Every structure is written in structure tokens, then in C-alpha cells.
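[1] predicted model and sequence below, questions to follow.
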Amino acid sequence: MKQKRLNRIIERMKQDQVPHMIISDPVAIFYLTGTWIFPGERMLALYLHENGDTKLFINKLFPQDEDLGCELIWYNDVEDAVEILSRHIASDQIMGIDKTWPARFLLRLQDLCPDKKYVNGSNIVDDVRRVKDEKEQKLMRESSRINDRVMEELIPYVTRGLTETELNEKAREIYAKNDIKKLSFDPITAYGRSAADPHHVTDDSKGKRGDSVVLDIGGFYKDYASDMTRTVFIGEASERAREIYEIVLEANRRGIEAAKPGNRMCDVDLAARNYIEEKGFGQYFTHRTGHSIGLEDHETGDVSSVNEAIIKPGQIFSVEPGIYILDEGIGVRIEDLVLITEDGCEVLNHFTKDLIIVPEA
């Protein structure tokens with residue numbers, strides 16, 4: 001059990017007056033125990049009490065060789081797992097349940113313990129996870145360093161006339177060569193009109209002269225995700241394309257400048273968004289400015305115009321403004337990850353954001 005992390009969660013439980021709770025999300029359980037357990041349809045529940053009582057309810061199909069630092073309560077496939085759990089929970093009325101616990105388990109517990117008041121406890125765990133400790137920060141720096149290297153190795157392949165699918169596969173090969181076995185998401189390798197679709201699904205189209213090429217990539221290093229986007233151009237970039245690129249680049253810079261303790265997450269979004277709107281392209285910036293990241297590529301805590309949460313040191317999130325004009329076949333996105341420091345932020349990506357024109361195939 002990661003005691004410091006557990007202590008932070010228990011402290012927050014006390015603040016929120018949630019004396020006990022159930023955590024079922026395998027990511028959150030890994031965060032606290034350092035062990036991945038994927039139970040499928042079977043119940044997995046980490047029970048926490050503010051007095052320090054910690055129990056993990058787990059099916060016998062998932063034997064554990066290591067000491068997880070908490071009591072293990074085993075059950076088998078013919079036993080009522082929730083009934084077993086109900087025997088071990090405290091009498092406190094208010095009980096937190098995380099957002100991933102399947103309804104079939106919660107409904108059963110409500111039948112067995114109808115006197116309790118069940119509340120959403122996910123915000124407790126999510127808020128603690130949002131502030132990365134020193135070990136996590138170090139891993140995120142290294143994850144992003146590797147992602148920089150993958151981007152540097154990937155861009156020259158844009159010149160070779162590959163289809164989007166072939167370029168996508170090349171990205172996967174480069175990650176494997178850099179000992180990254182799991183990707184944060186399916187790489188986005190989009191040419192021209194497809195680049196003007198923010199979440200384009202890779203197809204067999206090829207790029208042509210003047211196309212913008214959006215490369216949005218990321219992978220997991222020792223369980224921590226990276227994520228970065230760069231946009232390059234094939235052969236040439238029109239005056240219009242250059243204008244759009246420079247606007248997105250400045251919006252990225254302004255968002256990063258606003259990423260500091262005491263500001264709100266919405267301040268980062270608006271710093272980027274307001275500039276794009278001032279330049280007359282507001283309708284073409286169709287998504288939020290970023291998302292939190294760590295053990296998952298998208299974690300709770302978005303960088304949007306409606307998130308008024310105060311930014312704290314240790315948070316890591318993306319700043320990724322974009323302009324997408326489908327009718328003109330121009331799409332530009334520039335994305336960096338930032339780590340909030342005591343007085344500002346550290347940009348985790350170091351691959352150049354200068355406008356790059358790659359030769360035609």
C-alpha cells in the first residue's frame with residue numbers, strides 16, 4: 001500500500017465527511033497498491049475507512065504473490081461477493097462509492113444495507129490523483145521525453161508517401177523500438193481534409209502538396225501516459241495555412257502562460273480560446289483546450305471554459321488549441337503537456353513547434 005497516497009485520501013475523506021468508501025477502479029487500486037488487477041465481470045472492491053481500516057475484496061481467480069499492505073478478503077465464483085463485503089463494512093451511515101462500481105453490485109449492497117446513505121466518492125480519489133507526487137512527476141517527464149523522440153523519428157516518414165494507415169503503423173513500430181508496448185490511444189495521423197477533423201479515424205488516404213498533417217501521439221512508460229500533437233506541411237504551406245499555424249502556436253503559448261497555481265482551469269482554456277476568437281477563428285476551435293493526464297491519458301479535470309477548479313502545483317494537463325476548417329481542408333493542432341510548479345509550469349514536451357515543411361514523396 002502506498003501509505004502517503006492512502007493518507008492523502010483518508011485526509012480528504014475526513015474533510016468531506018465520508019467516513020468509509022469503496023474503490024473499484026483498477027487504475028485507482030493500482031495507484032494505491034502498485035498492483036494491476038483486472039477482474040472482468042467479477043467484483044473487486046478496496047474498502048477504506050477513515051480510521052485506517054483497509055480491506056481488498058477479491059476473487060480467488062486473482063491470486064496475489066506480493067503483500068499489498070492491506071487485508072485480503074477472498075471469495076469464489078459461487079459465493080455472494082457483495083454479501084461477504086457487507087459483513088465487513090462499518091456502521092457509519094454515509095458511504096462513498098466510486099463511479100466505476102457496476103450497478104449490479106451497488107444495488108445489491110443497497111438491498112443488504114438500506115440504512116446507509118450512498119454518495120459519489122470518486123471526487124475524493126480523483127482530486128488526490130490529480131496532484132502528482134515526485135515519483136509520478138519523474139515518470140511523466142521521462143514518458144514525454146520518449147514521446148519527443150518518437151515524434152522526431154516519425155515526421156520524416158511523412159515525406160515517403162505513406163497512407164494514413166501506414167503512417168499510423170510506422171508510429172507503432174517506432175514506439176516498439178523505443179520499448180513502449182502500450183499506446184495512450186490510437187495515433188492520429190491525418191492529412192489535409194482529414195486533419196480538419198479533430199478526432200479523425202485513420203484511413204487509407206495519402207497526403208498531397210500543401211496538406212497540413214496532424215500527428216497526435218502518445219504511449220505509456222512505466223504505467224504513465226504521454227500525449228503530444230504537432231502539425232507539419234507537405235511541400236509548402238500557403239499564406240492562409242501559415243496564418244492559421246501562427247495563431248494556434250500563439251494560442252498554445254498563451255494557454256501555457258496561464259497554467260500556474262492560483263489560476264483556474266478555465267483561465268487556461270480562455271487564454272487560448274479568446275486569442276483564437278480575436279483572430280476571427282473562434283467557430284473553428286471546436287473542443288476544450290486540454291485534459292488531465294497521468295495513469296490514464298484522459299483523467300478527471302478538463303481544461304475547459306466551465307471548469308473553475310483552482311490549479312495546484314503537481315497537476316499535469318495538456319494545452320492543445322486547434323483550428324479546423326473542413327471546407328478549406330486545413331487542420332492545425334499544437335499540444336504540449338505542462339506540469340504545474342510552485343510559480344508557473346514546466347513544459348514536458350521539447351520537440352520544436354517551429355513550422356515544419358517536409359518534402360513531397
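    Right, received. Where do you want to start? Numbers count the residues shown, from 1 in each chain.
[2] list the strands paired with the helix or strand harbouring G301, with their directions.
    G301 is part of strand 299-303, with elements assigned from DSSP states H and E. Note on strand 299-303: by DSSP bridges, its sheet partners are strand 290-292 (antiparallel).
[3] tell me how far the partner strand is from the chain's mean position?
    7 Å (CA atoms, centre = their mean, to the nearest Å).
[4] let me see the mean pLDDT of that strand.
    When pLDDT is averaged along strand 290-292, the result is 98.
[5] what segments of the stretch 1-150 of the chain are helices?
    3-15, 26-33, 81-88, 103-112, 122-130, 134-154 (DSSP state H, counting those that start in this stretch).
[6] cool, and the stretch 151-300 of the chain?
    Here the stretch 151-300 of the chain has its helices, by DSSP H, counting those that start in this stretch, at 164-177, 192-195, 239-258, 265-278.
[7] tabulate those (TSV), appending distance to L85 and mean pLDDT.
    Yep, even glycine has a C-beta here, placed from its N, CA and C like the rest. Conversion of the helices of the stretch 151-300 of the chain to TSV gives the following (distance: least, CB to CB, whole Å; pLDDT from 0 to 100):
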stretch	distance to L85	mean pLDDT
helix 164-177	40	98
helix 192-195	49	96
helix 239-258	44	98
helix 265-278	36	98
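[8] deepest of the ones you listed, which one?
    helix 192-195 (a mean of 23; mean count of other CB atoms under 10 Å).
[9] how distant is it from the center of its chain?
    25 Å.
[10] and the contacts of it?
    164, 200, 203, 205, 207-208, 210-214, 231, 324, 326, 329-332 (CB atoms under 8 Å, 6 or more residues apart in numbering).
[11] out of these, which are buried?
    Those of the contacts of helix 192-195 that meet the buried threshold are 164, 200, 205, 207, 210-214, 231, 324, 329-332, by 16 or more other CB atoms under 10 Å.
[12] take the helices of the stretch 1-150 of the chain and lay them out in TSV including mean pLDDT and mean neighbour count.
    TSV is the format used below for those (pLDDT from 0 to 100; neighbours: other CB atoms under 10 Å):
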stretch	mean pLDDT	mean neighbour count
helix 3-15	97	16
helix 26-33	98	20
helix 81-88	98	16
helix 103-112	98	14
helix 122-130	96	21
helix 134-154	98	19
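[13] same list (the helices of the stretch 151-300 of the chain) but as a markdown table, adding distance to R149.
    Formatted as a markdown table, the helices of the stretch 151-300 of the chain follow (distance: least, CB to CB, whole Å):
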| stretch | distance to R149 |
| --- | --- |
| helix 164-177 | 8 |
| helix 192-195 | 23 |
| helix 239-258 | 21 |
| helix 265-278 | 26 |
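[14] just the CA coordinates of the strand or helix carrying V332, formatted as PDB?
    Assigned by DSSP H and E, V332 belongs to strand 330-333. Output of strand 330-333 as PDB, limited to C-alpha atoms (Å, rounded to 0.1, in the frame of the first residue of the first chain):
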ATOM      1  CA  ILE A 330      -6.900  22.900 -43.200                       C
ATOM      2  CA  GLY A 331      -6.400  21.500 -39.700                       C
ATOM      3  CA  VAL A 332      -3.800  22.600 -37.200                       C
ATOM      4  CA  ARG A 333      -3.400  21.500 -33.600                       C
END
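[15] list the contacts of M21.
    Counting by CB under 8 Å, 6+ apart, M21 has contacts 13, 47-48, 95-98, 121, 124.
[16] before we move on, the earlier item: what about the helix or strand following the strand holding G301, average pLDDT?
    Per DSSP H and E, strand 299-303 leads on to strand 316-319 as the next helix or strand towards the C-terminus. Averaging pLDDT along strand 316-319 yields 98.
[17] put the alpha carbons of strand 316-319 into PDB.
    C-alpha atoms of strand 316-319 as PDB (Å, rounded to 0.1, in the frame of the first residue of the first chain):
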ATOM      1  CA  ILE A 316      -0.300  17.700 -15.200                       C
ATOM      2  CA  PHE A 317      -2.500  18.500 -18.100                       C
ATOM      3  CA  SER A 318      -2.400  19.200 -21.900                       C
ATOM      4  CA  VAL A 319      -2.700  22.600 -23.600                       C
END
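[18] contact partners of it?
    132, 137, 140, 227, 252, 255-256, 259, 265, 268, 272, 289-294, 301, 303, 335-340, 348.
[19] figure out how far it is from the centre of its chain.
    Relative to its chain's centre, strand 316-319 lies at 9 Å (CA atoms, centre = their mean).
[20] mind listing the residues bridging to R333?
    Bridge pairing for R333 (DSSP bridges) gives the partners G322.
[21] number of residues surrounding it?
    By the measure other CB atoms under 10 Å, the count of residues near R333 is 24.
[22] pretty sure it contacts G322?
    Yes: using CB atoms under 8 Å, R333 is in contact with G322, at 3.5 Å.
[23] which neighbours do those two share?
    With contacts taken as CB under 8 Å, 6+ apart, R333 and G322 have 198, 229, 248 as neighbours in common.
[24] R5: which of the residues you listed is nearest?
    Proximity of those to R5 (CB to CB) peaks at T229, which lies at 30.4 Å.
[25] roughly how far does the closest one sit from V82?
    43 Å (CB to CB, to the nearest Å).
[26] and L162, what does it touch?
    170, 206.
[27] what is the burial count for the closest residue to I94 other than its chain neighbours?
    Spatially, and ignoring its direct neighbours in sequence, I94 is nearest to K117 (5.0 Å; CB to CB, 6 or more residues apart in numbering). Using other CB under 10 Å, K117 is surrounded by 9 other residues.
[28] quick one: contacts for K117?
    Applying CB under 8 Å, 6+ apart, the residues near K117 are 93-95.
[29] which ones among the residues you listed lie within strands?
    When DSSP state E defines the strands, the subset of the contacts of K117 inside them is 94-95.
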